[in-house]
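Novice: can't give you the sequence, but here's the structure:
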Ligand code: HEC
């Protein structure tokens, strides 16, 4: 995976100094996907031509009412580009799907509601308005703004299925909730926002809603307006919990819901960070660990649990205090009552392990 590294000025310099990049712009945007909060996003580009690997210095610009963001390709592709795909995606996309993007996009790079993407200064642009980008977690759009089943494919030709539930989210800054996908029979499928009065728990429809255009489906976890009276919200993310709730209509001008009935509450499952890998014990540590248990089993009844000596000599102040001498003594003669029980062989390192233990633990510091 590569990250954005180039500044605008180096991008221009490199673009100017590398003739190859001028040949590498036969890519077009073929798929765009964002989930409802912009964390899971990908852009797929495809090329019909060969020799389109020189991407360094080319930019991809995203624009929306919120502003502009620039992504600069900081690396080239090695391999045949004819018929190939190129995948730019967020880290969260990679974690969710296990598919490795060719380049990493920052979260929220693709405008959620309306905006445009411009590849290589106008070589290919996609522009969409409110209602054209599905936020249902089930569909992407093609470069021609057609809703499609997401098929993110990277340069290696690998693909992964993708499905994300759209959550209703609370925005504390203006005390509103956004319902990304609401199915209202007879009206259509829309994206609506409500102002929330936190004292009365009344939800008043704001006028910044929009209906999705044809072909965009409700998806898996859409909110539903049922029987003209109840707003069913399957998943409202609030703090660390996900509420499933019904709101009942109170007024139709302005449309206001209230009397929430909570149907279920689930904790938000944070993705668990990968556990720190245990350091691999080095071979000395493994030998010591084996040595401790072999000593306790075979030697301590005569030499004592700390090598202090019981019926047999003390090993702590023994003249057997170099590795070779000690190992050879054990290998050949110990345990006294059964010397073959601790010998170094193809399948056992008993004498070596115990010699390590005696020298490094029992005799250590003496
Ligand atoms: C049944 C009792 C017995 C057991 C079990 C036994 N030893 Fe011994 N060990 C002796 C006796 C007795 C001597 C002294 C005579 C000799 O050196 O053979 C001795 C001597 C030694 C010496 C030489 C010490 C010195 O300073 O002279 C070493 C080293 C030693 N044992 C290691 C071991 C180890 C390691 C084990 C376990 C694998 C072991 N022994 C198990 C009885 C035992």
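Specialist: That came through, no problem. On a predicted model such as this, the values are computed, not experimentally measured, just so you know.
Novice: Could you tell me how far residue 151 is located from residue 139?
Specialist: Residue 151 is 11 Å from residue 139, where distance means Cβ to Cβ, to the nearest Å. Backbone N, C-alpha and C define where each C-beta goes, glycine included.
Novice: Can you list the low-confidence ranges for the stretch 101-250 of the chain?
Specialist: In the predicted model, the stretch 101-250 of the chain carries no residue with pLDDT under 70.
Novice: which stretches of it form strands?
Specialist: Under the criterion DSSP state E, counting those that start in this stretch, strands of the stretch 101-250 of the chain are mapped to 103-105, 115-119, 124-128, 140-142, 147-148, 168-171, 176-184, 188-197, 202-205, 210-211, 223-226, 230-238, 241-252.
Novice: With mean neighbour count and distance to the ligand as new columns, can those be given to me in a markdown table?
Specialist: Converted to a markdown table, these look like this (neighbours: other Cβ atoms under 10 Å; distance: least, Cβ to the nearest ligand atom, whole Å):
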| stretch | mean neighbour count | distance to the ligand |
| --- | --- | --- |
| strand 103-105 | 21 | 56 |
| strand 115-119 | 20 | 72 |
| strand 124-128 | 17 | 75 |
| strand 140-142 | 20 | 68 |
| strand 147-148 | 18 | 71 |
| strand 168-171 | 17 | 66 |
| strand 176-184 | 22 | 70 |
| strand 188-197 | 19 | 75 |
| strand 202-205 | 20 | 77 |
| strand 210-211 | 16 | 80 |
| strand 223-226 | 19 | 72 |
| strand 230-238 | 19 | 63 |
| strand 241-252 | 16 | 60 |
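Novice: Show me the one of these that comes nearest residue 315.
Specialist: Smallest distance to residue 315 across the strands of the stretch 101-250 of the chain (Cβ to Cβ): 58.4 Å, for strand 103-105.
Novice: Can you list the strands that that closest one pairs with?
Specialist: Counting by DSSP bridges, the strands paired with strand 103-105 are strand 84-90 (parallel).
Novice: for the strand it pairs with, what is the average pLDDT?
Specialist: Across strand 84-90, the average pLDDT comes to 96.
Novice: Show me the contact partners of whatever helix or strand comes next after that strand.
Specialist: Using DSSP states H and E, the helix or strand that directly follows strand 84-90 along the chain is helix 91-97. Contacts of helix 91-97 with the rest of the structure, by Cβ atoms under 8 Å, 6 or more residues apart in numbering, involve 1, 39-42, 99-101, 104, 107, 152, 160-162, 164, 271.
Novice: Show the contacting residues for residue 220.
Specialist: Neighbouring residues of residue 220 by Cβ under 8 Å, 6+ apart: 136-138, 163, 165-166.
Novice: repeat that with 7 Å
Specialist: 137-138, 163, 165 (Cβ atoms under 7 Å, 6 or more residues apart in numbering).
Novice: same question, residue 189
Specialist: 181-183, 211-212, 216, 218.
Novice: now, which of the residues you listed sits nearest residue 291?
Specialist: Distance ranking of the contacts of residue 189 against residue 291, using Cβ to Cβ, places residue 181 first at 63.4 Å.
Novice: hey, where'd the helices end up in the stretch 251-366 of the chain?
Specialist: Per DSSP state H, counting those that start in this stretch, the stretch 251-366 of the chain carries helices over the ranges 283-298, 300-303, 323-333, 350-357.
Novice: count of residues packed around residue 59?
Specialist: 17 (other Cβ atoms under 10 Å).
Novice: same question, residue 307
Specialist: Residue 307 is flanked by 22 other residues according to other Cβ under 10 Å.
Novice: Please verify my assumption that it contacts residue 357.
Specialist: No. Residue 307 lies out of contact with residue 357 (Cβ atoms under 7 Å); the separation is 9.1 Å.
Novice: thinking again about what came up before, so which of the strands of the stretch 101-250 of the chain is nearest residue 64?
Specialist: strand 115-119 (3.2 Å).
Novice: Show me which of the helices of the stretch 251-366 of the chain has the highest average neighbour count.
Specialist: Each of the helices of the stretch 251-366 of the chain was given a mean neighbour count from mean count of other Cβ atoms under 10 Å, and the largest, a mean of 24, is that of helix 350-357.
Novice: Show me what it is packed against.
Specialist: Judged by 3 or more Cβ pairs under 7 Å, 6 or more residues apart in numbering; DSSP states H and E, helix 350-357 is in contact with helix 283-298, helix 323-333.
Novice: got JSON lines for the ones you listed, with distance to residue 347 too?
Specialist: Output for those, formatted as JSON lines (distance: least, Cβ to Cβ, whole Å):
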{"stretch": "helix 283-298", "distance to residue 347": "12"}
{"stretch": "helix 323-333", "distance to residue 347": "14"}
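Novice: May I have the beta-bridge partners of residue 104?
Specialist: residue 89.
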